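**Student:** Need coordinates for the below:
(chains A, B, C and D)
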2 protein chains.
Amino acid sequence: MDCEELSEKCLAVYQASLELIAEQGFHGTPMSQIAKKAGVGVGSIYRYFKDKDDLIHGVHAQADRKMMEALVSVHIAGSSEKDQFYALVTSLTKHLMENPLEFRFLEQYYNSPYGTEKKREKFFEEMPSDEKTSPFLSLLKGDSFKDLPLPVLHALAFGPLIFSLRDHLSGIQLLDDNLIDNLAEGCWDAVRKS
Amino acid sequence: MDCEELSEKCLAVYQASLELIAEQGFHGTPMSQIAKKAGVGVGSIYRYFKDKDDLIHGVHAQADRKMMEALVSVHIAGSSEKDQFYALVTSLTKHLMENPLEFRFLEQYYNSPYGTEKKREKFFEEMPSDEKTSPFLSLLKGDSFKDLPLPVLHALAFGPLIFSLRDHLSGIQLLDDNLIDNLAEGCWDAVRKS
DNA sequence: GGATGCGGAGCGAACGTTCATTCCGGAGGT
DNA sequence: ACCTCCGGAATGAACGTTCGCTCCGCATCC
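**Tutor:** Predicted coordinates for the structure are as follows:
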């Protein structure tokens, strides 16, 4: 379940699962294939994970954490809210562009029964306790932004990224630095107090 | 494959597939369950569809068509581009809110190997021939909008909707008429020429 | 040599798909 | 008007395959 980062084999399982599931989907990747790609026996996977669902949730948790870390590392407190917003949007986009497997996995996860279930419980548990939430959410409470519910602002700021990333990965519309900037500008226009 | 709308049993299979897959995912819904819910024998499904993949693509095509129809029926040629934009965003949002099964299905479809494959072939075949594409795409070519590649405008206009719909369906942020209007306004700010 | 971590053959269950059979409505003969 | 026959639609038990998962023997270390 946890795979307390001591085992390299466990990491290999994580990586293999990520790659295979991102490309073939949950039901398209049997445990046997994961084991083979990770270079371990099937049985060994069950040493670290209770079952396949547990593995999938684990892979999600890791991908999610990596994404958060990419965001936190960029956050510069000194600059204006607009600059902070641009920096966050840009670095999130680039992170997902550089880690397409993570992106594909997360998208599949959140749009499957796994994700909707998880999203709910996360939302309701995070409200009272966890204060180190996404840098985005705390930024969006600033004065520069429209007076709308946070999830709506979140949607206006994030939604376009997801969409464009999909287009980028499927080759329909490749993103470059210039386009990412245009995107960030559009998102900014959408959320800023006019 | 086609199920030329003469058979009510075929429609029952469509409906059952839509409901079950939307809630349980592709790999969570066996053919036997679909057959039972549709009130037909398992074998009968294979009279209309080559195999399970064919069924899934068929359900997608139908849901996609319904969405297009909802959009086309609203398009009012006389009004300003801004009003047209608002009308389209609003009616698309409402259509998906009123048909959550379609929304969940489509989201799963587009984020699975089924969808990415389909999206690609659709994009490359539609460029030369099909001129009755989404009313959105033709609208976005208008003068009121930023001079950006169409997929990017598309993302700015649509992305937030998808995100908010997800929140709505999972109960995190319920949408009402007012919020939908705010959303449309945000999307408009994102894509309009400043 | 005992304890521990690992591998992969093997298990039962469940899947997608098939096919021998049944069912049903209407055409045709009497 | 009735019975007979027939073709295709519908069926679901059965099939082969594949899945997730377990179990047990082997390797490796202390």
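
**Student:** what about the residue in chain A that DNA strand C sits nearest to, helix or strand, and which?
**Tutor:** At 1.5 Å from DNA strand C, A:Gly43 is the closest residue in chain A, using CB to the nearest atom of the strand. Just so you know, the C-beta spots here come from the backbone N, C-alpha and C atoms, and that holds for glycine as well. In the assignment (DSSP states H and E), A:Gly43 maps to helix A:42-48.

**Student:** Next, the buried residues of that helix.
**Tutor:** For helix A:42-48, the neighbour count (16 or more other CB atoms under 10 Å in any protein chain shown) marks A:44-45, A:48 as buried.

**Student:** from the residues you listed, which single one is nearest A:Gln24?
**Tutor:** A:Ile45 (16.8 Å; CB to CB).

**Student:** Break chain A into its domains for me.
**Tutor:** Per automatic domain parsing, the domain ranges recorded for chain A read A:1-50, A:61-191.

**Student:** touching DNA strand D at all, the first one?
**Tutor:** Yes. For domain A:1-50, a contact with DNA strand D is found by CB under 7 Å from any atom of the strand, at A:27, A:29-32, A:42-43, A:46.

**Student:** Work out the gap between that domain and the centre of the chain.
**Tutor:** Here domain A:1-50 is found 19 Å from its chain centre; the criterion is CA atoms, centre = their mean, to the nearest Å.

**Student:** average pLDDT for it?
**Tutor:** The average pLDDT for domain A:1-50 rounds to 86.

**Student:** so after the least confident helix or strand in chain A by mean pLDDT, what's the next helix or strand?
**Tutor:** Within chain A, confidence by mean pLDDT, DSSP states H and E is lowest for helix A:113-126 among all helices and strands, at a mean of 68. Going down the chain from helix A:113-126, the next helix or strand is helix A:135-139, by DSSP H and E.

**Student:** any idea how far chain B is from A:Trp188?
**Tutor:** 9 Å (CB to the nearest CB, to the nearest Å).

**Student:** any idea which element the closest residue to that residue other than its chain neighbours lies in?
**Tutor:** Leaving out its chain neighbours, the residue that sits closest to A:Trp188 by CB to CB, 6 or more residues apart in numbering or on different chains is A:Phe85, at 5.8 Å. A:Phe85 is part of helix A:81-98 when elements are defined by DSSP H and E.

**Student:** Distance from that helix to the middle of the chain?
**Tutor:** 13 Å.

**Student:** Over to stretch A:96-108?
**Tutor:** Distance, centroid of stretch A:96-108 to centroid of chain: 7 Å (CA atoms, centre = their mean).

**Student:** does any bit of it sit next to DNA strand D?
**Tutor:** No. If you take CB under 7 Å from any atom of the strand as the test, stretch A:96-108 misses DNA strand D, and the best it gets is 14.4 Å.

**Student:** Other residues contacting that stretch?
**Tutor:** Applying CB atoms under 8 Å, 6 or more residues apart in numbering or on different chains, the external contacts of stretch A:96-108 come out as A:18-19, A:21-23, A:25-26, A:59-60, A:63-64, A:66-67, A:161-162, A:165-166, A:168-169, A:175, B:111-112.

**Student:** Pull out the buried residues from those residues.
**Tutor:** The neighbour count (16+ other CB under 10 Å) marks A:18-19, A:21-22, A:25-26, A:59-60, A:63-64, A:67, A:161-162, A:165-166, A:168-169, A:175, B:111-112 as buried among the contacts of stretch A:96-108.

**Student:** Would you mind giving the domains of chain A as TSV with distance to B:Val89 added?
**Tutor:** Below are the domains of chain A laid out as TSV (distance: least, CB to CB, whole Å):
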stretch	distance to B:Val89
domain A:1-50	31
domain A:61-191	12
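
**Student:** Can you tell me which helices and strands the helix holding A:Gly43 packs against?
**Tutor:** Counting contacts by 3 or more CB pairs under 8 Å, 6 or more residues apart in numbering or on different chains; DSSP states H and E, helix A:42-48 packs against helix A:8-24, helix A:31-38.

**Student:** before we move on, the earlier item: buried ones in the helix holding A:Phe85?
**Tutor:** A:84-93, A:95-97.

**Student:** Over to stretch A:103-117?
**Tutor:** Quick answer for stretch A:103-117 (16+ other CB under 10 Å): A:103-116.

**Student:** How about stretch A:74-82?
**Tutor:** Using 16+ other CB under 10 Å as the test for burial, stretch A:74-82 gives A:Val74.

**Student:** what mean pLDDT does that stretch have?
**Tutor:** Stretch A:74-82 shows a mean pLDDT of 79.

**Student:** Ok, stretch A:160-180 next?
**Tutor:** Mean per-residue pLDDT for stretch A:160-180: 93.

**Student:** for that stretch, how far is the first residue from the last?
**Tutor:** With CA to CA, to the nearest Å as the measure, stretch A:160-180 spans 11 Å from end to end.

**Student:** what does that stretch contact?
**Tutor:** By CB under 8 Å, 6+ apart, stretch A:160-180 touches A:89-90, A:92-94, A:96-97, A:100, A:103-104, A:107, A:183, A:186-187, A:190, B:110, B:116, B:119-120, B:123, B:148-149, B:151-152, B:154-156, B:158-160, B:162-163, B:190.

**Student:** tell me which parts of chain A are close to DNA strand C?
**Tutor:** Counting by CB under 7 Å from any atom of the strand, the positions of chain A adjacent to DNA strand C are A:7, A:9, A:32, A:39-44, A:47.

**Student:** how about a cut-off of 6 Å?
**Tutor:** Within chain A, the positions adjacent to DNA strand C are A:7, A:9, A:40-44, A:47 by CB under 6 Å from any atom of the strand.

**Student:** Out of those residues, flag the one nearest to DNA strand D.
**Tutor:** Ranked by distance to DNA strand D (CB to the nearest atom of the strand), the residues of chain A next to DNA strand C are led by A:Gly43 at 3.2 Å.

**Student:** Stretch A:141-149 vs chain B: in contact?
**Tutor:** Yes. Using CB under 8 Å from any CB of the partner chain, stretch A:141-149 reaches chain B at A:146, A:148-149.

**Student:** quick one: terminal-to-terminal distance for that stretch?
**Tutor:** End-to-end for stretch A:141-149, by CA to CA: 9 Å.
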